[in-house]
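**Student:** Below are the sequence and a predicted model for it; my questions follow.
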Amino acid sequence: MPSRHTPSGLPPALARVQRTLVMAVLNVTPDSFSDGGEFLDPERAVERALHQVRLGADLIDVGGESTRPGAERIPVAVELERVLPVVEMLVGEAVAVSIDTMRAEVARAAVDAGAVLVNDVSGGLGDEAMLPFVAESGHPVVLMHWRGHSREMQRHATYPTGVTREVVDELEHRLEAAVAAGVAPDRVVLDPGLGFAKNAEHNWSLLAALDGLAALGQPLLVGASRKRFLGELLAVDGEPRPVEQRDDATVAITTLAAAAGAWCVRVHDARGNVDAVRVAEAWTSEDR
């Protein structure tokens, strides 16, 4: 079975889990590609999150700013207004919460409210205060491969020396930057950033090369859920499979990522993915 690294600094209940964790997405935004607008109301958002926990999700990833291709930035005050009530209510329900943000101010507020993990899709590049904050807080952090904000990122989807080599090199630089800022290396999770400055071919190449990413020695998070490249793969007569019909393909990716040793998968619907990581655990177990 491939080595599955687990970051330090997690609550004991999460740290003890031996299988791949399932992180359920909770977008409290009006414009996310999959469920934008569905959970802007905090009460409805919390209801959705608790449902995902009942289905087996280990973490709820709360995000208040869309990172879909072409999305515009929002003011920090708007992001805080969207995420903080939800984080506070979920923590009050004893739910493990991660905060999906590129802003240190939002990360700090969420951590103060009880979030246990910072998930920064910019890898610390979107806000120069992020890595120093993470170092100060002692919380684990996910650093994703990133080449620019949503409105411009697809212009940077070029990899002359190979997508895997360049993503590994750039993630290694982000790890070095985090450590230089004082973040303990055993608290850093890396994410190849599927769909961010990448086309379908790039995404498939990275998924086929998870062992190369694992060679960096850090826990890996894989976020393929419902993404465009799955819709393109499943297209009929040139029409991509609709977003809400991509969950079965997501479960397939989860199974393979878990079998390859991913620490966590980030998904929109926990049900099938919880089953998938358990199947992968049994499949790769050395205790039979």
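**Tutor:** Done, it's in. No experiment lies behind these values; they were computed from the predicted model shown.

**Student:** From Asn27, how far off is the residue lying closest to Val46 once chain neighbours are set aside?
**Tutor:** The shortest distance from Val46 to any non-neighbouring residue, by Cβ to Cβ, 6 or more residues apart in numbering, is to Met89 (4.8 Å). Every residue, glycine included, has its C-beta placed from N, CA and C. According to Cβ to Cβ, to the nearest Å, Met89 stands 16 Å off from Asn27.

**Student:** Those two: which has the busier surroundings?
**Tutor:** Asn27 (28 against 18; other Cβ atoms under 10 Å).

**Student:** So what sits opposite that one in the bridge?
**Tutor:** Beta bridges link Asn27 to Gly63 when assigned by DSSP bridges.

**Student:** That one against Ser66, yeah?
**Tutor:** Yes - applying Cβ atoms under 8 Å as the test, Asn27 and Ser66 come out as touching, 7.2 Å apart.

**Student:** Helices along the chain, start to end?
**Tutor:** For the chain, helices defined by DSSP state H occupy the ranges 12-15, 42-54, 76-92, 104-112, 130-137, 163-180, 200-208, 210-214, 228-233, 247-259, 270-284.

**Student:** quick one, which of those is nearest to Arg155?
**Tutor:** helix 200-208 (13.9 Å; Cβ to Cβ).

**Student:** before we move on, the earlier item: could you tell me the least trusted of the helices of the chain?
**Tutor:** When the helices of the chain are ranked by mean pLDDT, helix 210-214 comes last with a mean of 89.

**Student:** now for it, which elements pack on it?
**Tutor:** Here helix 210-214 touches helix 163-180, going by 3 or more Cβ pairs under 8 Å, 6 or more residues apart in numbering; DSSP states H and E.

**Student:** Other residues contacting the helix it packs on?
**Tutor:** The contact list for helix 163-180 (Cβ atoms under 8 Å, 6 or more residues apart in numbering) reads 123-125, 131, 134-135, 141, 143, 145, 147, 159, 185, 188, 190, 192-193, 198, 201-202, 205-206, 209, 212-213, 215-216, 218.

**Student:** pLDDT wise, what is Glu38 at?
**Tutor:** Glu38 is given a pLDDT of 68.

**Student:** before we move on, back to that, how far away is the residue nearest to Val46 from Arg165?
**Tutor:** Using Cβ to Cβ, one obtains 44 Å as the distance from Met89 to Arg165.
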